[in-house]
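Asker: sequence below, structure please.
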Amino acid sequence: MLLSKNLKHLRTSQNLTQAELSEKLGVQRTMISAYEDGRSEPKLTALTVMAELFNVSMDELLYHDIEEKGRKAVQNKATKILTIAVDADDRESITMVGQKASAGYLNGFADPEYMESLPQFRLPNLASNQTYRAFEIAGDSMLPLVPGTLIVGGYVEQLKDIKSGKTYILVTATEGVVYKRVFNYLAENGKLFLVSDNEHYKPYEIKGEDIMEVWEAKAFISTDFPNPKDRNNPMTIEDLSKMILDLKSEIIKMKVDKQ
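Answerer: Below is the predicted model:
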């Protein structure tokens, strides 16, 4: 059983002292020390409070090495229940989130009044069984798509459904709204690896628990026409395989640097 190790890791990661945790659990501080040393085991009521406090399942708390393997529960985390807009015929519309609206979206995506204030439109040839949202991208990190391009994304309900190598709009608590090529390492370390198609930008990691919404890129709208070279030279399977190998090498290097 990994309770003692997990408890100490979760407590310190949230900057809680043993005294502060003992107050939340309603036990003596010396009991927290005993739990973390493995000299005593908490009662079921205390375990339940721990699981709720640290937002983990009981199984994860007791039997999963959270420090070494990362969060397990986040793999099956449903991102959220969506607030959607419909037209007069009760048909779901695509809500557009412009660059200037991105900051407000982080605070208002669950507010029906805010969502209704954003522009709405419809597009043909999109599957009718999915919710879509359009985000205007900024910067040149995803060339050849230029700043101002609208990325139309289909809603992804669970983080585990993110497919490595595909592009996604991620609404995050730490990075805001970003459009990146994503590699899914949630099962290994509880993180996603975000890569720009423009090689001048370095890839970086983001914790699964910091993801608020995920939208898989389905279409884009732009007033800038792609260069013929871009259309004739799409990313191949070989290119993607090489990218994955390079990314794994980069992740290993990052882990070594942290040690």
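Asker: got the domain boundaries for this protein?
Answerer: 3-69, 94-258 (automatic domain parsing).
Asker: what pLDDT does the most centrally placed residue in the chain get?
Answerer: Nearest residue to the geometric centre of the chain (C-alpha atoms, centre = their mean): Ile211, 2.9 Å. With respect to pLDDT, Ile211 scores 89.
Asker: show me what contacts it?
Answerer: Each residue near Ile211 by C-beta atoms under 8 Å, 6 or more residues apart in numbering is listed here: 79, 159, 170-173, 192. (C-beta placed from N, C-alpha, C; glycine too.)
Asker: now the residues you listed as CSV including distance to Ile66 and neighbour count?
Answerer: What follows is the contacts of Ile211, written out as CSV (distance: C-beta to C-beta, whole Å; neighbours: other C-beta atoms under 10 Å):
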residue, distance to Ile66, neighbour count
Thr79, 21, 17
Leu159, 17, 20
Leu170, 23, 25
Val171, 25, 23
Thr172, 21, 18
Ala173, 20, 12
Leu192, 18, 25
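Asker: tally of neighbours for Thr223?
Answerer: Using other C-beta atoms under 10 Å, the number of residues around Thr223 comes to 8.
Asker: ah, wrong one, I meant Glu205
Answerer: 15.
Asker: Ile84: which of the domains of the chain is closest?
Answerer: domain 94-258 (5.9 Å; C-beta to C-beta).
Asker: which residues touch stretch 94-104?
Answerer: 84-85, 105, 114-115, 118-123, 132-138, 148, 150, 152, 176-177.
Asker: buried sites along that stretch?
Answerer: Within stretch 94-104, the residues that qualify as buried are 94-98, 101-102, counting by 16 or more other C-beta atoms under 10 Å.
Asker: need the distance between the two termini of it.
Answerer: 17 Å (C-alpha to C-alpha, to the nearest Å).
Asker: tell me the confidence at the closest residue to Ile162 other than its chain neighbours?
Answerer: Distances taken as C-beta to C-beta, 6 or more residues apart in numbering place Asn184 nearest to Ile162, at 4.6 Å, with adjacent residues excluded. pLDDT, Asn184: 91.
Asker: how about the secondary structure of Asn184?
Answerer: Assigned by DSSP: H, G, I helix; E, B strand; the rest coil, the conformation of Asn184 is strand.
Asker: now the strands for the chain?
Answerer: 94-97, 120-121, 132-136, 150-155, 167-172, 176-185, 191-195, 204-207, 211-221 (DSSP state E).
Asker: which one of the ones you listed lies nearest to Met50?
Answerer: Closest approach to Met50 among the strands of the chain (C-beta to C-beta): strand 204-207, 20.3 Å.
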